[in-house]
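A.B. asks: Mind looking at a prediction? Sequence and model below.
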Amino acid sequence: MRRSKLRPPRNVLVLFIAVSAVSLSVLFWLSWRLLKQDRALENQRIQERLERAADLIVTSLDLGLSEIENRLSVLSDPGDHALSVAFGPGEVKTHPGGHLLYYPFIPPVRESSVTVFEAGENLEFRRQDYVGAMAAFRALALSKDPLLRAGALVRLGRN
């Protein structure tokens, strides 16, 4: 009997374990929520830092562009001893015109039609009649068109 008096009542032990389990569950749940909120807050701070950095970059670019615009506005009237050059697709514009010594592009070259040389090349490659091909290319080499004459002379030299 002595032992049973020292033991706590069974329902008190069950109640203690139940209250402890509920308390631990609530504690874990609150800890989990706190960690989620902390992560969300950290992500928000990172996003705000990125936005501030982007704003600083945009501001510095804007200042740089406005400085370039100011310099260009000063250069828009080059005066008597200066030359302004503007490059466009396939063209170079100068102000004042005609003073640029070197134009850094090659104008498109007009090519002669390939069908003009077809008869001579047919004789040369398919029939292997080099004398006939040379006669055909000699006739084309007498043309007044410089492109046609150049193509005929190249083919004549090949034969």
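C.D. replies: Nice, I can see it.
A.B. asks: where are the low-confidence patches of this protein?
C.D. replies: 1-8, 75-81, 105-112 (pLDDT under 70).
A.B. asks: And the strands in it, which stretches?
C.D. replies: Assigned by DSSP state E, the strands in the chain fall at 84-88, 91-95.
A.B. asks: can you pull up the bridge partners for residue 92?
C.D. replies: Counting by DSSP bridges, residue 92 is bridged to residue 87.
A.B. asks: can you tell me how far it sits from residue 61?
C.D. replies: 29 Å (CB to CB, to the nearest Å). C-beta here means a position set from N, CA and C on the backbone, and glycine is covered the same way.
A.B. asks: Residue 53: which of the strands of the chain is closest?
C.D. replies: Between residue 53 and those, the shortest separation by CB to CB is 34.5 Å, and it involves strand 84-88.
A.B. asks: circling back: which of residue 92 and residue 61 has more neighbours?
C.D. replies: residue 92 (13 against 10; other CB atoms under 10 Å).
A.B. asks: Could you report the neighbour count for residue 141?
C.D. replies: 17.
A.B. asks: burial of the nearest residue to it once chain neighbours are set aside, as a residue count?
C.D. replies: Nearest residue to residue 141 in three dimensions, chain neighbours excluded: residue 152, at 4.1 Å (CB to CB, 6 or more residues apart in numbering). Using other CB under 10 Å, residue 152 has 23 neighbouring residues.
A.B. asks: show me the contacts for residue 152.
C.D. replies: 117, 120, 137, 138, 140, 141, 143 (CB atoms under 8 Å, 6 or more residues apart in numbering).
A.B. asks: Let's see which of the residues you listed end up in helices.
C.D. replies: 120, 137, 138, 140, 141 (DSSP state H).
A.B. asks: Let me have these in TSV, extended by distance to residue 14.
C.D. replies: TSV is the format used below for the ones in helices among the contacts of residue 152 (distance: CB to CB, whole Å):
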residue	distance to residue 14
120	112
137	114
138	120
140	114
141	117
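A.B. asks: that older thread, list just the nearest of the contacts of residue 152 to residue 44.
C.D. replies: Lowest distance from residue 44 to the contacts of residue 152 (CB to CB) belongs to residue 117, with 73.4 Å.
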